[in-house]
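S.K.: Everything below, folded, please.
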Amino acid sequence: MRNFFRVLKLSRPYLPRLIISLAAALLVAVLWSLNLSAIFPVLKILSADKNLQTWVKEEIDETERQAGEPTRIQSMKDDRALIEFLNQHPATEHQNRELRERTKQLAQNEGELNELNTRLYRLRLLQDKVIVHVPTNRFETFVWIIVAVVVCVVVKGFFEFWQDFLVGSVVNRTLFDLRNKFYRAAIHQDTRQLQEVGTPELMARVTNDIEQIGGGMKILYGKMVVEPLKAIACLFAACLISWELTVVFILLVAPAVVCIGRVSRIMKKASRKVLEHMSNIYKILRETFDGIKVVKAFTMEPAERRRFRNATEDYYQRSMRVIKIDALAGPLVEIFGVAAVGLALLAGAYLVLEKQTTIFGMKMTDGPMGFETLLQLYVFLAAIADPVRRLSSVYTKIQGGAAAADRTYALFDRVPKVTANADGPAVPKHAESIEFKNVCFSYVPGQDTLNSITLSVKAGETIALVGPNGCGKTTLLGLLPRFYDPDHGSVSVDGVVLRGANLRSLRRQIGIVTQDTVLFNDTIFANIAYGKPGATAEEVEAAAKKAFAHEFIVLKPKGYQEQVGDLGSSLSGGQKQRLALARAIVRDPRILILDEFTSQIDPDSEAKIQQALKEFVVGRTTFLITHRLSTLELADRIVVMDSGRVEGIGTHQELLATCLPYQRLYEAHISGMADGDRVPTIPGKFRVA
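M.R.: Model (predicted):
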């Protein structure tokens, strides 16, 4: 429950609304008990040939008679006189025993007299404040009571509405804050942590899990406030009739409370399992629909249906377990509640039918209890049991919210390994060099992705990274914007080690174009301007022209205001890559990272983009990851990687002469070229590092 309480702390700004809702709930409880108390006068009117005025007067007369009974008065005088006499003489064992007995008897008589005087006060207050306004005609009195009950119900409904409304507003505002805090915490975690969790799991926690938390909060602020107040109001009214019988009832209800506690612990575990299986459904949905072309191309729809059915079957089974636990809790508590009410009613019936005031020597009432009084007490006790029964399911739902809070905060509390270092040294405007020194990195302990890489790059230099898939090219460049930190070694820009540097000052200088192009469901203009918030229309258009995207953008019905669709679904692969390149260009970065940026672009567009990049990369430090040797025309140096190591650094000609992995790459490229393709001419203007 610790994490659930952490969620509740987010409701502090809305405490005034909760206080008002509590006041409304209190009024609902009072009006609830008042409506139930109308049963007694109705029974009196229907069961006796007298009106309420006559009944109250008779009750007052009888109470006065009992309070002024000469026998009791004389007994109390005799007891006081004897106690005073015994206190004036030396104490003996016989005197002490007599003193105790007389003191006990006097206390009993005084207690009975006080109770009679209290009852007399209440009856006279009822006579002066209520009965005096009631009609003397019995039917008219009955109508008056019914109208009063209806009015109370209407007023109670008004306060119930406001209580529910205020609770709902507090819960929704709290969930609004929680979702935004969760998103902020998640988006600031480092790339590796987010990849470990996965997008479907994140979606499940920010949607389904937080909704579960909201359900628990609404129950807590709503029914967990109203129902206990109703029970307390009825408990107070029942105690006014016979607190002794009410205590007997409460003792019998205690097993129900123990039952609720046991069930709630089981419910929390079951709810956590349900949430985990819901996350599995999210994962399958995302995988299937993100890869729908592959699914259809390989005719795997039946297999995916089976996989989804199995996941939903697991979710169904777990959900049914929760339903069984929840369904079992209500009847169990109701059994205990009905048994408690029944035993209390049996005790009361004994007092009424046998005209007794004690059971097994224990005093239960001040005087003989009437049928109407017993029935009114039964109604109040039943009204106490009903909220307890409702709270049985309430508590299990809160445990479901607690389980969801545990899952949410398990991710919320993860500390990013790559920190923003807001107080760290700012990376100056890049103008000197970038250094990779003895860099080692692994995604899985013991399986190195990068192994002792050392590389020095001068400002303004263009470096091409080549090598087979999985050799660590993308991972190495991922260390530059600090998507990851090296396990060993360091990366520095202009002498500032990035691990301790101000992260924002670093990333503001970097522009990235990745092979897996990411576009947002917004306009073309917004996607390009994403690289530079606040970019003007002229800047966006200029960047689009440099990326050779302007020519297809203007053909769109809405031009730059055309929506690209979910993940750029309305665009071709090449168009998406050109927009991504324009987004990097508009940023005007000091460091440019291009990861297979022309993999989906046709040869003519590629030639144009390379010509534009020749001008754009001037004065910028540029890193190219490519499998196309034609792209190497842009590079000043080529870095050959294999199995996480640097196998060679130099010009095209130098690497052909000295680097076996590069020779294999070049031969594979040449042999794979179609007849008539242009064999790239790669300059040899640089020296070996």
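S.K.: Now do the contacts for the most centrally placed residue in the chain.
M.R.: Of all residues in the chain, the one closest to the mean position by CA atoms, centre = their mean is Ile210, 3.0 Å from it. Neighbouring residues of Ile210 by CB atoms under 8 Å, 6 or more residues apart in numbering: Leu175, Leu178, Arg179, Phe182, Ala404, Thr408. C-beta coordinates here come from the backbone N, C-alpha and C atoms, glycine included.
S.K.: could you redo the last one with a cut-off of 6 Å?
M.R.: Ile210 is in contact with Leu175, Arg179, counting by CB atoms under 6 Å, 6 or more residues apart in numbering.
S.K.: how far away is it from Lys181?
M.R.: Using CB to CB, to the nearest Å, one obtains 11 Å as the distance from Ile210 to Lys181.
S.K.: swap in Cys239?
M.R.: In this view, Cys239 and Lys181 are 46 Å apart by CB to CB.
S.K.: More neighbours: which of the two?
M.R.: Cys239 (16 against 13; other CB atoms under 10 Å).
S.K.: For the more buried one, grab phi and psi.
M.R.: When read as degrees, to the nearest 10, the backbone of Cys239 gives phi -70, psi -30.
S.K.: for the residue nearest to it when sequence neighbours are not counted, phi and psi?
M.R.: Sequence neighbours aside, Thr246 is the residue nearest to Cys239 in space, at 5.1 Å (criterion: CB to CB, 6 or more residues apart in numbering). In terms of degrees, to the nearest 10, the main-chain angles of Thr246 are phi -70, psi -40.
S.K.: What is the neighbour count of Thr246?
M.R.: Neighbours of Thr246 using other CB under 10 Å come to 22.
S.K.: mind listing the strands in the stretch 451-600 of the chain by residue range?
M.R.: Here the stretch 451-600 of the chain has its strands, by DSSP state E, counting those that start in this stretch, at 462-466, 488-493, 496-497, 510-513, 591-595.
S.K.: partners of the shortest one, with directions?
M.R.: Strand 496-497 has these partner strands in its sheet, going by DSSP bridges: strand 488-493 (antiparallel).
S.K.: tell me the mean pLDDT for the partner strand?
M.R.: Averaged over strand 488-493, pLDDT sits at 93.
S.K.: List the buried residues in it.
M.R.: For strand 488-493, the buried set under the neighbour-count rule, 16 or more other CB atoms under 10 Å, comprises Gly489, Ser490, Val491, Ser492, Val493.
S.K.: swap in stretch 414-427?
M.R.: By 16+ other CB under 10 Å, the buried positions in stretch 414-427 come out as Arg414, Val418, Asn421, Gly424, Val427.
S.K.: my guess is the fourth one is in a strand, correct?
M.R.: No: counting by DSSP: H, G, I helix; E, B strand; the rest coil, Gly424 is located in no strand; its state is coil.
S.K.: isn't it right next to Arg499, touching?
M.R.: No: the criterion here is CB atoms under 6 Å, and Gly424 misses it with Arg499 at 8.9 Å.
S.K.: beta partners for Gln447?
M.R.: Legend: beta-bridge partners of Gln447 under DSSP bridges are Val444.
S.K.: count of residues packed around Ser279?
M.R.: Look at Ser279: counted by other CB under 10 Å, it has 21 neighbours.
S.K.: Next one: it from Val134, what distance?
M.R.: Using CB to CB, Ser279 is found at 63 Å from Val134.
S.K.: The closest residue to Ala422 other than its chain neighbours: neighbour count?
M.R.: Leaving out its chain neighbours, the residue that sits closest to Ala422 by CB to CB, 6+ apart is Asn502, at 6.6 Å. Number of residues near Asn502 (other CB under 10 Å) recorded here: 18.
S.K.: residue boundaries of the strands in this protein?
M.R.: For the chain, the strands defined by DSSP state E occupy 358-359, 362-363, 433-441, 450-458, 462-466, 488-493, 496-497, 510-513, 591-595, 621-625, 637-642, 645-650.
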